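1. Have a look; sequence and predicted model below, questions after that.
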Amino acid sequence: MTGKQEVRYALDFCAGRRRRPKNNTHSADRQQSDGQEAPRCVPRIARLMALAIRFEGLVRDETIRDYAELARLGRVTRARMTQIMKLLHLAPDIQEQILFLPLLKGLNERNLRSVVRRIDWGEQRDLFQNLLKSLGASQSSEIRNGTSR
């Protein structure tokens, strides 16, 4: 192929915080009118982890030139893009846990920075479990056992 191709992606995230509606319609207990469960709220850290995985794929496939271009397209700073992409330095099992975590108040990218800094995955696992314990002992035991409320 010799012709020039243009690929456009719509990225739906912003640098600022959005106000959440007071009436949370994404309750896991709520049922839709046709008997199906309503979609549950995906934690922000899980969305960031999924974005990092997707962005890495775009750069690897050369759809996007580099992380600086991703930052421009997403209207975030290059530093923020680096923070998001560093989530990929976590051990694969921690990444998987983050993707499927129930909503856990207090678990965010900033709290994970100390875990990401460690190179040894064993140390990361210990720090991550300690972080989960500090955020809520009952919730972290459910997470380790693979159950949620």
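-> Noted; the coordinates are in hand. Numbers count the residues shown, from 1 in each chain.

2. Over to stretch 87-106 now: how far is its first residue from its last?
-> End-to-end distance for stretch 87-106: 17 Å, by CA to CA, to the nearest Å.

3. next one: stretch 86-96
-> Termini of stretch 86-96 sit 15 Å apart (CA to CA).

4. quick one: buried residues of it?
-> Within stretch 86-96, the residues that qualify as buried are 87, 89-91, 94-95, counting by 16 or more other CB atoms under 10 Å. All C-beta atoms are positioned from the backbone trio N, CA, C, and that covers glycine.

5. pLDDT of that stretch, averaged?
-> Across stretch 86-96, the average pLDDT comes to 96.

6. what sits up against it?
-> 48-49, 52-53, 56, 98, 109, 112-113, 115-116, 121, 124-125, 128 (CB atoms under 8 Å, 6 or more residues apart in numbering).

7. Greatest separation within those residues: which pair is it?
-> For these, the farthest-apart pair by CB to CB is 56 and 125; their separation is 21.5 Å.

8. follow-up on the earlier one: of the contacts of stretch 86-96, which belong to strands?
-> Judged by DSSP state E, the subset of those located in strands is empty.

9. Give me the buried entries from these.
-> When the contacts of stretch 86-96 are checked for burial by 16+ other CB under 10 Å, the buried set is 48-49, 52, 98, 109, 112, 115-116, 124-125, 128.

10. and the closest residue to residue 136 other than its chain neighbours, backbone torsions?
-> Excluding the flanking residues, the one nearest residue 136 by CB to CB, 6 or more residues apart in numbering is residue 104, at 6.9 Å. Residue 104 adopts backbone torsions of phi -120, psi 110, taken as degrees, to the nearest 10.
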